[in-house]
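Peer 1: With the input below, show me the fold.
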Amino acid sequence: MKIIKPWLIPGEELKITDGLWETLTIDASFVLKFRSRLSSGRYTFKASVITRDVQLAGSQLFIDYGRGGITEEQVYLSVSSDGILTVDLYFPTAPVSIRFKPFDGPGRFSIDSIQFEMLSPSSVSLTELFRSAYERLRSFTVTLYGFQYKPRLMPRNQLARLNNSWFAQGDDPFYQLKFKRKVSPGWYMLEVNFLSDKPILQGKLYIDYGNGLTESDAEVISLISGKINKRVLFIRSKPVSFRFDPCEAPAQMTETHV
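Peer 2: Okay, here's the model as predicted:
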């Protein structure tokens, strides 16, 4: 059984408030994106949704087989007592796009997981298999290197995680970097290889030398999605802390390993 975890692209009717998703209308939905196109066949869809002030009702998938949004196939989801949404699906042909409506809103909620289980895949060519393998491999190279050892990224502002993706909401998302060992002064190479729904992001690394985080001690790096982005750094004295801003506007990025 193959497990497929999609990216969720929030529509305009969705926002993040205090770490929770919030629907602004009853039609709020996510567009599901996949690293490789789903093939025809049988699947089971599962999503774990926890609501804060509403009941799970009216949860749906909207499936487009290429005939446009007007003729989307609507599939209602069953809900268990612990908030698990499920439905068995059969795709006669490969779907072009899929939307997920968590419930009839408005309301606040979180999504712990969302996935498709492939039960009976159709035949796949070797070309498609190699392409899928390459895309999965590239998705795990969202890595920030540097300082001779890997720091841990701690999300601190305007960042929400879902499956293998980070959603940056607003114009000031950032991580705090934590190291197992102290960082010494000297020259370092910063490398960022990431995948995003935006072709270019403006990243920035702040270095606190004891006087707080200032623009004068920030290193700017333009990040091109799917490319290895490099920047030479000189740490002039013993740093107190580090902060990494992946972008300056809303964006979606695959899970970052640092």
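
Peer 1: Low-confidence stretches in this protein?
Peer 2: 67-71, 120-149, 161-165, 252, 254-258 (pLDDT under 70).

Peer 1: can you list contacts of stretch 209-219?
Peer 2: Contact partners of stretch 209-219, identified using C-beta atoms under 8 Å, 6 or more residues apart in numbering, comprise 190, 204-208, 231, 233, 236-241, 243. Backbone N, C-alpha and C define where each C-beta goes, glycine included.

Peer 1: Export that stretch to PDB, keeping only CA atoms.
Peer 2: Taking C-alpha atoms only, stretch 209-219 is exported to PDB below (Å, rounded to 0.1, in the frame of the first residue of the first chain):
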ATOM      1  CA  TYR A 209      26.400  39.300  18.800                       C
ATOM      2  CA  GLY A 210      24.900  40.400  22.100                       C
ATOM      3  CA  ASN A 211      23.200  43.600  21.100                       C
ATOM      4  CA  GLY A 212      20.000  42.000  19.800                       C
ATOM      5  CA  LEU A 213      18.900  41.300  16.200                       C
ATOM      6  CA  THR A 214      19.600  44.300  13.900                       C
ATOM      7  CA  GLU A 215      19.600  44.800  10.200                       C
ATOM      8  CA  SER A 216      23.300  45.700  10.300                       C
ATOM      9  CA  ASP A 217      24.000  42.100  11.400                       C
ATOM     10  CA  ALA A 218      21.700  40.500   8.800                       C
ATOM     11  CA  GLU A 219      22.800  38.500   5.800                       C
END
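
Peer 1: Let me see the domain layout of the chain.
Peer 2: Domain segmentation of the chain under automatic domain parsing yields 2-126, 143-254.

Peer 1: for the strand of greatest length in the chain, which positions count as buried?
Peer 2: The longest strand of the chain (DSSP state E) is strand 107-121. Within strand 107-121, the residues that count as buried by 16 or more other C-beta atoms under 10 Å are G107, R108, F109, S110, I111, I114, F116, E117, M118.

Peer 1: I'd like to know which elements that strand is packed against.
Peer 2: In terms of contacts (3 or more C-beta pairs under 8 Å, 6 or more residues apart in numbering; DSSP states H and E), strand 107-121 is packed against strand 2-4, strand 20-23, strand 41-51.

Peer 1: now those as TSV including mean neighbour count?
Peer 2: Below are these laid out as TSV (neighbours: other C-beta atoms under 10 Å):
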stretch	mean neighbour count
strand 2-4	11
strand 20-23	21
strand 41-51	18
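
Peer 1: between those strands, which gets nearest to W166?
Peer 2: Closest of the helices and strands packed on strand 107-121 to W166 is strand 20-23, at 14.0 Å (criterion: C-beta to C-beta).

Peer 1: May I have the closest one as CSV, with CA atoms only?
Peer 2: The C-alpha trace of strand 20-23 is given here as CSV (Å, rounded to 0.1, in the frame of the first residue of the first chain):
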residue,chain,number,x,y,z
LEU,A,20,-5.0,27.6,14.0
TRP,A,21,-6.6,27.6,10.5
GLU,A,22,-9.7,29.7,10.3
THR,A,23,-12.3,29.5,7.6
